[in-house]
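Chemist: the following block contains a protein sequence and its predicted model.
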Amino acid sequence: MQKQFKLIDHISTVFEGHEVLGRGDLGVVPGFNQPITTHKVEQILANFFDTEAAMLVRGAGTTAIRLALHATLPRAGNLFVHDAPIYPTTKVSLDMLGINVIRVNFNDQDELTRAAKQGNFQGALVQLTRQKPNDSYDSEAVIQIIKEYAPNVPIITDDNYAVLKIKKIGVEQGADLSCFSTFKILGPEGIGCIVGKTSYIENLRKENYSGGLQVQGFEALDVLKGMVYAPVALAISAQQTDEVAERLNKGEVTGVKEARVANAQSKVILVTFDAPIAAEVLHKAEKLGAAPNPVGAESKYEMVPMFYRVSGTFRAAIPDVERNTIRINPMRAGADTIIRILKEAMKK
C-alpha cells in the first residue's frame with residue numbers, strides 16, 4: 001500500500017490534475033525531442049525509485065538490459081555474472097555486444113570478494129530474482145562487495161519480476177542502472193524502463209533521437225496506471241502463493257509430494273508429484289480454466305492462475321525436473337480456485 005501511495009504522491013507533484021485524465025502528447029516535441037508527457041513520467045519514475053534519471057524504451061526488459069550493457073561496457077568487455085544459467089534473452093544481448101562473461105558464485109561472498117579484488121572486469125550484472133533453486137545471495141550484499149573493491153565499475157541489475165515486490169530495487173541498493181519491463185507490472189506491451197545514473201541515461205537519449213523510437217505520451221501514462229495498481233495486486237498474489245503451498249504440504253491434495261514457494265523468476269509454487277505426471281496435469285489444467293502459458297508474466301491480461309512448466313533456467317539446473325514438477329502462478333486467483341483446478345486435473 002505504501003508503494004502505491006508513494007507513487008501517487010510523486011505523480012501529483014509533477015502532473016496537474018487534468019494531465020492525468022488525458023492521454024498525453026505525441027512525437028518529438030522541440031526542446032525535449034520526446035513527448036512532454038513521457039518526459040514527465042520519466043521524472044516521476046526517477047523520483048519514485050530515489051535515483052537520478054529514468055528512461056522508457058521500446059523492447060521491454062530485454063532491450064532495457066541490452067541498452068544498459070551497451071551504455072556501460074566496451075565491446076569485448078568483461079562482465080561479472082552469477083555462476084548460473086543466464087536468462088536466454090540476456091545471453092542473446094551479451095552475444096550481440098561481444099561481451100565476455102566472468103562467472104562468479106554470488107552465493108559465496110568469499111569467492112565474490114576474491115574475484116572483485118582481481119579487477120579484470122568492466123561491468124557487473126546482478127539478477128535480483130533467482131536463477132537456480134539453491135541461490136541464496138543477497139543482491140544488495142553482492143552490489144556492496146563489488147562497489148567496495150571496484151568502485152568505478154558500473155553495476156546493472158536485472159529487476160524483472162522483482163519491481164514492486166521487494167522493498168528496494170537495484171539502484172536503491174547501490175547499483176548504477178536498473179532495468180525492467182513495465183509489462184510485468186500491469187503496464188503496456190513492449191515498454192521497458194531503465195533507471196539510474198544520469199551520465200549513462202543521457203548518452204542513451206542522444207542515440208534514441210528517432211521519432212519511431214520514442215515512447216508516446218499515452219503509453220507513458222499507461223506505465224503509471226499499471227504501476228499504481230501493481231503493488232497491491234502482487235502482494236495479494238504473494239499471499240495466495242504462500243497459502244497454496246502451506247495447504248498442499250499439509251496433504252490437502254493426494255499425490256502431491258511437495259510444494260515449495262520459489263522465486264523462479266516470478267514468485268510461484270513449485271508442485272512436485274509422486275509420479276511423473278507433470279505434462280498430463282498441465283494439459284488437463286488448461287481445459288479446467290488455467291492459463292497454459294505466460295503472456296508477460298503477471299501482465300494486465302493474466303487473470304486466471306497459470307499452470308506451466310518449470311522455467312528454462314531451472315530445467316537447465318536440474319535434469320528431468322519437468323517430468324514431475326510444475327509451477328503455478330496465482331495471478332489474480334485465490335487459493336481455493338487453484339487447489340480445485342489442481343485436484344481435478346490430477347484426477348482426470
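Modeler: Arrived safely. Residues are numbered from 1 along each chain as shown.
Chemist: please tell me how far the residue nearest to Ala335 when sequence neighbours are not counted sits from Lys250.
Modeler: Leaving out its chain neighbours, the residue that sits closest to Ala335 by C-beta to C-beta, 6 or more residues apart in numbering is Glu243, at 4.3 Å. C-betas here are computed from N, CA, C, even on glycine. Distance, Glu243 to Lys250, by C-beta to C-beta, to the nearest Å: 11 Å.
Chemist: more neighbours, these two?
Modeler: Glu243 (17 against 9; other C-beta atoms under 10 Å).
Chemist: distance of the more buried one relative to Met331?
Modeler: 14 Å.
Chemist: cool, Ala275 as well?
Modeler: 27 Å.
Chemist: who has more neighbours out of these two?
Modeler: Met331 (23 against 12).
Chemist: list the buried residues in the longest helix seen in the chain.
Modeler: The helix spanning the most residues in the chain, taking DSSP state H as the definition, is helix 217-249. Of all the residues in helix 217-249, those buried under the rule 16 or more other C-beta atoms under 10 Å are 217-228, 230-231, 233-234, 237, 240-241, 243-245, 247-248.
Chemist: ok, now which ones touch the closest residue to Thr337 other than its chain neighbours?
Modeler: For Thr337, ignoring the flanking residues on the chain, the nearest one in space by C-beta to C-beta, 6+ apart is Pro305 at 6.6 Å. If you count contacts by C-beta atoms under 8 Å, 6 or more residues apart in numbering, Pro305 has them with 290-291, 328-331, 333, 337-338, 341.
Chemist: list of residues touching the host helix or strand of Thr63?
Modeler: Using DSSP states H and E, Thr63 sits in helix 60-72. Helix 60-72 is contacted from outside by 57, 59, 79, 89-90, 92-94, 96-97, 99, 122-123, 125, 154, 156, 158, 160, 176-177, 179-184, 189-194, 200-201, 203-204, 296, using C-beta under 8 Å, 6+ apart.
Chemist: just the CA coordinates for the helix or strand following it, please, in PDB.
Modeler: Scanning forward in sequence from helix 60-72 by DSSP H and E, the next helix or strand is strand 78-82. Output of strand 78-82 as PDB, limited to C-alpha atoms (Å, rounded to 0.1, in the frame of the first residue of the first chain):
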ATOM      1  CA  ASN A  78      34.400  -8.500 -19.300                       C
ATOM      2  CA  LEU A  79      31.200  -8.700 -17.300                       C
ATOM      3  CA  PHE A  80      30.700 -10.300 -13.900                       C
ATOM      4  CA  VAL A  81      27.700 -12.600 -13.800                       C
ATOM      5  CA  HIS A  82      26.400 -15.200 -11.400                       C
END
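Chemist: can you list the neighbours in contact with strand 78-82?
Modeler: 69, 73, 94, 99-106, 115-116, 120-127, 131, 135, 137, 146.
Chemist: go through these and flag which are in helices.
Modeler: Those of those lying in helices (DSSP H): 69, 94, 115-116, 146.
Chemist: which one of those residues is nearest to Val281?
Modeler: Nearest to Val281 among the ones in helices among the contacts of strand 78-82, counting by C-beta to C-beta, is Leu94 at 35.1 Å.
Chemist: so who does Ile201 touch?
Modeler: 52-55, 71, 177, 194.
Chemist: give me the angle between the helix or strand where it lies and helix 60-72.
Modeler: Applying DSSP H and E as the criterion places Ile201 in helix 198-207. If you take axes from the mean of the first three to the mean of the last three C-alpha atoms, to 10 degrees, helix 198-207 sits at 110 degrees to helix 60-72.
Chemist: now do the buried residues in helix 198-207.
Modeler: 200-201, 204.
Chemist: what's the average pLDDT for it?
Modeler: The average pLDDT for helix 198-207 rounds to 96.
Chemist: render the CA-only coordinates of it in PDB, please.
Modeler: What follows is helix 198-207, C-alpha atoms only, in PDB (Å, rounded to 0.1, in the frame of the first residue of the first chain):
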ATOM      1  CA  THR A 198      22.200  10.400 -15.500                       C
ATOM      2  CA  SER A 199      25.500  10.000 -17.300                       C
ATOM      3  CA  TYR A 200      24.600   6.700 -18.800                       C
ATOM      4  CA  ILE A 201      21.000   7.500 -19.500                       C
ATOM      5  CA  GLU A 202      21.700  10.800 -21.200                       C
ATOM      6  CA  ASN A 203      24.100   9.100 -23.600                       C
ATOM      7  CA  LEU A 204      21.400   6.700 -24.400                       C
ATOM      8  CA  ARG A 205      18.900   9.500 -25.000                       C
ATOM      9  CA  LYS A 206      21.300  11.000 -27.600                       C
ATOM     10  CA  GLU A 207      21.300   7.800 -29.500                       C
END
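Chemist: which residues touch stretch 245-254?
Modeler: Residues from elsewhere that reach stretch 245-254, judged by C-beta under 8 Å, 6+ apart: 256, 258-261, 269, 271, 335, 339, 342-343, 346.
Chemist: output it in CSV with nothing but the alpha carbons.
Modeler: This file holds the C-alpha atoms of stretch 245-254, laid out as CSV (Å, rounded to 0.1, in the frame of the first residue of the first chain):
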residue,chain,number,x,y,z
ALA,A,245,2.0,-24.1,-0.6
GLU,A,246,1.0,-24.5,3.0
ARG,A,247,-2.2,-26.3,2.2
LEU,A,248,-0.5,-28.7,-0.2
ASN,A,249,2.2,-29.5,2.3
LYS,A,250,-0.4,-30.4,4.8
GLY,A,251,-1.7,-33.1,2.5
GLU,A,252,-4.8,-31.5,1.1
VAL,A,253,-4.2,-32.9,-2.4
THR,A,254,-3.3,-36.6,-2.6
